[in-house]
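# Everything below, folded, please.
(one chain, ligands or ions: 1)
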Amino acid sequence: MGYDYALVHVKYTIPPAIALTILYRPLLTRLDVYKILFLVTIALVSTTPWDSYLIRTRIWSYPEDVVIGPKLFDIPLEEVFFFIVQTYNTSLLYLLLSKPTFHPIYLRRQDKNDRWKYFKLAGNLLLGLILKKAINLIRDEGAGTYMGLILVWAVPFLILLWSLAYQFILGLPVTNTLLPIALPTLYLWIVDTLALRRGTWVIEAGTKLGTHLWPGLEIEEAVFFLLTNTLIVFGLVAFDNAVAILHAFPSHFPSVPALPSPALLVRALLLPAAAYDEDRIEGLSEAVERLHKKSRSFYLASAAFSSRLRLDLIVLYSFCRVADDLVDNAASPLEARKYIKRLRTFLDLSYKAKDPMAHDQNVGSVVRHVVTEFPRNTHTALLQLPTSRLSSKHLYDLLKGFEMDLGFQTSKGALTSAFPIKSEYELDVYSSRVAGTVAAMCIELVFFHYPGEASSTLQEQILDAGNTMGIALQYTNIARDIGTDALIQRVYLPTSWLKEENLTPEQAIQDQIFVSKFERLRKRLLDRSFALYEDSRSAIDKLPSEVRGPMRVACESYMEIGRTLRQPGYRVRKGEATVDGWRRLTVAWKALQ
Ligand SMILES: CC(C)=CCC/C(C)=C/CC/C(C)=C/CC/C(C)=C/[C@@H]1[C@@H](COP(=O)(O)OP(=O)(O)O)[C@]1(C)CC/C=C(\C)CC/C=C(\C)CCC=C(C)C
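Predicted structure coming up:
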């Protein structure tokens with residue numbers, strides 16, 4: 001009996017496991033736990049008979065004085081623990097590195113002439129040849145036996161995973177594929193070199209090739225760790241591929257449980273790529289692109305949400321952004337009004353389409369309306385709005401908020417300007433309509449994806465606090481944009497506030513930046529923004545535990561704009577991010593704790 005093998009764990013495998021757990025803990029979802037357990041189970045079940053065979057046939061051995069003693073099918077418990085901890089560590093690293101990835105946009109519809117099918121074929125051919133060579137090595141019963149046994153065990157799994165998930169394996173960023181394979185492999189090569197040198201485990205002479213990758217590292221060991229890490233990462237990629245299919249194509253999978261069964265995952269992977277809905281994939285890609293380009297705060301926050309809710313939030317953002325831009329960037333107030341009217345008709349038709357009696361006919365009229373009445377680049381954002389999960393009230397109220405913007409008289413040649421925000425109350429109403437509604441819709445989506453976690457009274461309280469938080473964010477938004485809004489004749493500062501400073505909205509526009517008074521009013525906006533934020537933020541703790549952190553990230557990273565604006569001497573610069581990327585990340589990290 002000895003502790004050498006156990007010490008390898010104490011020194012080399014448990015510390016990274018602890019570090020990765022601490023690092024990933026705030027982002028961990030139930031689906032992640034499910035994935036890790038799934039992978040660990042497969043690793044145990046598939047490796048145990050094979051490793052047991054290697055030990056019983058003495059291809060592989062452990063001196064009695066380096067292991068504690070207990071065994072499972074002749075495998076020392078330290079070795080069994082190795083399968084678990086390696087799978088755990090590589091899985092956590094993969095999860096960490098792939099957190100920012102929005103998987104559905106890597107799905108590819110494939111028709112007959114798509115060249116990707118040749119990649120699939122080439123991969124399978126190559127793996128098939130390796131398998132044939134491996135069988136020959138075992139048959140020869142010579143120095144290639146151990147290498148042959150490693151390959152014969154690993155390659156069939158690789159063929160399976162490649163066949164099911166080659167689109168993702170090839171398409172995902174290398175930070176999601178090569179990196180989580182390469183880092184743990186290199187690390188385990190170093191650990192293995194030290195263990196073989198100390199004699200903690202021994203490969204018998206006669207069944208090994210005798211080639212070293214570097215002094216002290218047998219080629220078989222190097223290949224073993226490379227293949228096992230590849231299997232773990234490909235397994236996780238295949239899992240994410242299946243989940244992406246389940247969430248992206250409701251027409252094929254109308255209802256998906258939070259933790260899909262293995263059978264459902266396999267069914268998803270077996271859906272022919274020719275049956276993928278191309279418009280849906282394109283729509284999701286456009287939505288992520290829009291979010292990425294237009295909002296650093298919400299893009300970062302979106303990565304922290306679980307996949308199902310994340311998808312809905314991204315398409316909701318895309319709708320809100322497009323609707324806001326249609327009104328804001330209209331060539332004239334008349335055109336802006338026309339778009340609001342068309343958006344209202346779009347909502348009327350969409351909510352009528354929910355009526356099961358005339359569903360198909362009504363969906364047709366929604367599509368026709370969108371295609372004929374809106375610019376091409378807005379179609380997917382409108383058509384993907386998840387109306388089945390949102391009550392119409394908030395969307396109609398959002399349009400009422402946009403309508404208030406039309407109260408600003410901005411047409412060229414207009415003699416006088418109009419300023420609809422006369423009092424703090426009116427600013428609150430405006431903010432509630434354009435931002436409180438957004439908060440309410442985000443919360444509705446949370447309740448949809450996490451049903452039964454809050455009573456209806458609690459839901460009301462949370463929605464109320466969400467409205468307040470939305471108003472807080474909008475006040476910060478207005479404080480940041482005072483200058484740029486003035487350039488387009490919009491003064492959101494309440495006329496009553498301006499009056500207290502002996503100013504009028506017209507002066508605000510003429511002088512643009514009447515610096516000190518303007519800064520005093522900016523401070524007043526921010527003070528109220530932070531008061532509202534303080535009033536509402538504790539309600540986030542009443543949300544389902546999995547969304548608390550991500551919601552905090554969304555609110556905190558936006559409020560950080562306010563904190564920056566409050567710094568003495570800070571000046572807003574047009575086109576420049578108020579909060580830099582590093583600071584935003586730090587804020588997100590703290591919000592997740
Ligand atoms: C990850 C995540 C939460 C993403 C999606 C959020 C989402 C759907 C945002 C839509 C934003 C949008 C384009 C709305 C149109 C109206 C508008 C312009 C509102 C202002 C947003 C400012 O965005 P931005 O700075 O990019 O806009 P401009 O360049 O000025 O045009 C708003 C300030 C409103 C944003 C409000 C929210 C996202 C609500 C936040 C509150 C919650 C998520 C609820 C928190 C829960 C509790 C219980 C307190």
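
# Before we go further, Ile281 is sitting in a helix, right?
Yes: secondary structure assignment (DSSP: H, G, I helix; E, B strand; the rest coil) places Ile281 inside a helix.

# Give me the three-state assignment for Val243.
The three-state label for Val243, taken from three-state DSSP, comes out as helix.

# what residues are up against it?
Taking C-beta atoms under 8 Å, 6 or more residues apart in numbering as the criterion, Val243 is in contact with 31, 103, 260, 265, 268, 307. No exception for glycine: its C-beta is placed from N, CA and C like everyone else's.

# List just the nearest of those to the ligand.
Lowest distance from the ligand to the contacts of Val243 (C-beta to the nearest ligand atom) belongs to Ser307, with 13.0 Å.

# Buried ones in stretch 143-156, by neighbour count?
Burial within stretch 143-156, assessed by neighbour count using 16 or more other C-beta atoms under 10 Å, is assigned to 143-155.

# can you give me the strands in this structure?
With DSSP state E as the definition, the chain shows strands at residue ranges 60-61, 71-72, 75-76, 202-203, 212-214, 217-218.

# count of residues packed around Val40?
For Val40, the number of neighbouring residues by other C-beta atoms under 10 Å comes to 18.

# so which of the contacts of Val243 are also by the ligand?
Restricting those to those within reach of the ligand (C-beta under 6 Å from any ligand atom) leaves nothing.

# Going by neighbour count, which of these comes out on top?
Counting neighbours by other C-beta under 10 Å, His103 leads the contacts of Val243 with 24 neighbours.

# circling back: so can I have JSON lines of the strands of the chain showing distance to Ala435, mean pLDDT and mean neighbour count?
Written out in JSON lines, the entries for the strands of the chain read as follows (distance: least, C-beta to C-beta, whole Å; pLDDT from 0 to 100; neighbours: other C-beta atoms under 10 Å):
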{"stretch": "strand 60-61", "distance to Ala435": "63", "mean pLDDT": "78", "mean neighbour count": "16"}
{"stretch": "strand 71-72", "distance to Ala435": "58", "mean pLDDT": "89", "mean neighbour count": "14"}
{"stretch": "strand 75-76", "distance to Ala435": "59", "mean pLDDT": "92", "mean neighbour count": "23"}
{"stretch": "strand 202-203", "distance to Ala435": "64", "mean pLDDT": "72", "mean neighbour count": "16"}
{"stretch": "strand 212-214", "distance to Ala435": "58", "mean pLDDT": "91", "mean neighbour count": "13"}
{"stretch": "strand 217-218", "distance to Ala435": "58", "mean pLDDT": "90", "mean neighbour count": "20"}
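
# and the ones you listed as TSV, adding distance to the ligand?
As requested, these are exported to TSV (distance: least, C-beta to the nearest ligand atom, whole Å):
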stretch	distance to the ligand
strand 60-61	50
strand 71-72	45
strand 75-76	46
strand 202-203	51
strand 212-214	45
strand 217-218	45
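
# Looking at the ones you listed, which is nearest to Tyr317?
strand 212-214 (48.1 Å; C-beta to C-beta).

# number of nearby residues for the residue lying closest to Ser46 once chain neighbours are set aside?
In space, Ser46 comes closest to Phe157 once its chain neighbours are excluded; the distance is 7.0 Å by C-beta to C-beta, 6 or more residues apart in numbering. Other residues within reach of Phe157, judged by other C-beta under 10 Å, total 16.
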